[in-house]
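K.L.:
structure for this input, please:
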Amino acid sequence: MNTSSRPRIGVIMDPIQSIKIRKDSTFAMLLEMQRRGWELWYLLQGDLWVDDGVVYASRRPLQVEDNPQHWFTLGEPQIGPLQALDGVLMRKDPPFDMEYIYSTYLLELAQQQGLLVVNRPDSVRSANEKLFTAWFPQWCPETRVTRDMERLRDFLARHRHIVVKPLDGMGGTMIFQIHAGDANTNVILETITDHGRRTVMAQRFLPEYQQGDKRILLINGEPFPYALARIPKAGEGRANLAAGGTGVGVALTAREKAICAAIGPVLKAMGLMFVGLDVIGDWVTEINVTSPTGIRELEHQYQANIAGLLMDAIETELAKRSSHSAEGGTP
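P.N.:
Prediction:
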């Protein structure tokens, strides 16, 4: 454990040269950590490995600046135990494939040896971003998860207009709307389920998405008081920013506050420190725990410091662990 007062934080992310800094939440976190004088280290998934029960990493010192022409500077790689850091942010984007799961195993091993990992890796593994909504059925639209195409057809017959999507995607990829009587129903179901070999989610279609598919950010179980309503572009069936949607800040409604009050404490207990709830109308459609976005858009619209709220929570947790360690306990 680092004995200085300057936290040493590793960030596992997608290649930093390919990010769009004006809307990248990981970049917002990096800027805030640097502003606080924290020591930043850059890692990719492939930079982690295990030798004899110890997690090692090849990590590079990182400096960032809010400059679209030159937003990062990397130092030379250094190799050592991941445990030499105080904390690690796991911010790799989905798809949530087997390599992602293997990374959570490595991070869980390091966590058990005292490293703070945000979000907690075993909980990231347990809380599939689509399927985890089933743990809160009273707050979700009618939903069916199956790979059986006949059950999906039955769900369509019951609700007349549904959305089907894979369990491991992001950014609106492979999301289909199906209307009862649609001549393409069979080919859509065959494609998305890989002819019944892949489990998918079906939800009752929510026409309120036209008024915005809202992203609500929760830090340690507490919501930021404004959501990012993602408005679909004309002719588009998806509101995701990655699919061309426009982000507009809106105050949380009473219903949305009730949703957060019900789900937030569960997320906090699971060590899911930074989470994005997707809400359409009155209903939660996804619970994003891998690399939720929306920070930069909301910070810009409300002159807020959401990344700072997260770093406050991380700082508090690090101080708690340091105090416990000084008393002779295990973090």
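K.L.:
what domains does the record give for the protein?
P.N.:
Domain assignment for the chain by automatic domain parsing gives 8-122+309-326, 142-205, 208-288.
K.L.:
and the ones you listed: which comes nearest Ala134?
P.N.:
Ala134 sits nearest to domain 142-205 of all these, at 6.6 Å, using C-beta to C-beta. The C-beta positions use only the backbone N, C-alpha and C, and glycine is treated the same way.
K.L.:
between the two ends of the closest one, how far is it?
P.N.:
9 Å (C-alpha to C-alpha, to the nearest Å).
K.L.:
now do the helices in the stretch 201-331 of the chain.
P.N.:
Taking DSSP state H, counting those that start in this stretch, the helices of the stretch 201-331 of the chain run over residues 254-269, 295-302, 306-326.
K.L.:
which one of the ones you listed is the most hemmed in?
P.N.:
helix 295-302 (a mean of 20; mean count of other C-beta atoms under 10 Å).
K.L.:
what angle separates that one from helix 306-326?
P.N.:
Relative orientation of helix 295-302 and helix 306-326, computed by axes from the mean of the first three to the mean of the last three C-alpha atoms, to 10 degrees: 120 degrees.
K.L.:
from the contact counts, what lies against helix 295-302?
P.N.:
helix 25-35, strand 226-231, strand 246-251, helix 306-326 (3 or more C-beta pairs under 8 Å, 6 or more residues apart in numbering; DSSP states H and E).
K.L.:
that helix relative to strand 246-251, how many degrees between them?
P.N.:
60 degrees.
K.L.:
dump helix 295-302 to CSV, keeping only the CA atoms.
P.N.:
Taking Å, rounded to 0.1, in the frame of the first residue of the first chain, the C-alpha atoms of helix 295-302 are listed here in CSV:
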residue,chain,number,x,y,z
ILE,A,295,-20.7,12.9,-16.9
ARG,A,296,-19.3,15.5,-19.4
GLU,A,297,-22.7,16.4,-20.9
LEU,A,298,-24.3,16.9,-17.4
GLU,A,299,-21.3,18.8,-16.0
HIS,A,300,-21.3,21.1,-19.0
GLN,A,301,-25.0,21.8,-18.8
TYR,A,302,-25.1,22.4,-15.0
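K.L.:
can you check what angle separates it from helix 25-35?
P.N.:
Using the same axes, to 10 degrees: helix 295-302 against helix 25-35 is 70 degrees.
K.L.:
what's the average pLDDT for helix 295-302?
P.N.:
The average pLDDT for helix 295-302 rounds to 97.
K.L.:
any chance of CSV for the helices and strands packed on helix 295-302, columns distance to Leu206 and mean pLDDT?
P.N.:
Listed next are the helices and strands packed on helix 295-302 as CSV, based on distance: least, C-beta to C-beta, whole Å; pLDDT from 0 to 100:
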stretch, distance to Leu206, mean pLDDT
helix 25-35, 25, 98
strand 226-231, 13, 94
strand 246-251, 16, 92
helix 306-326, 26, 90
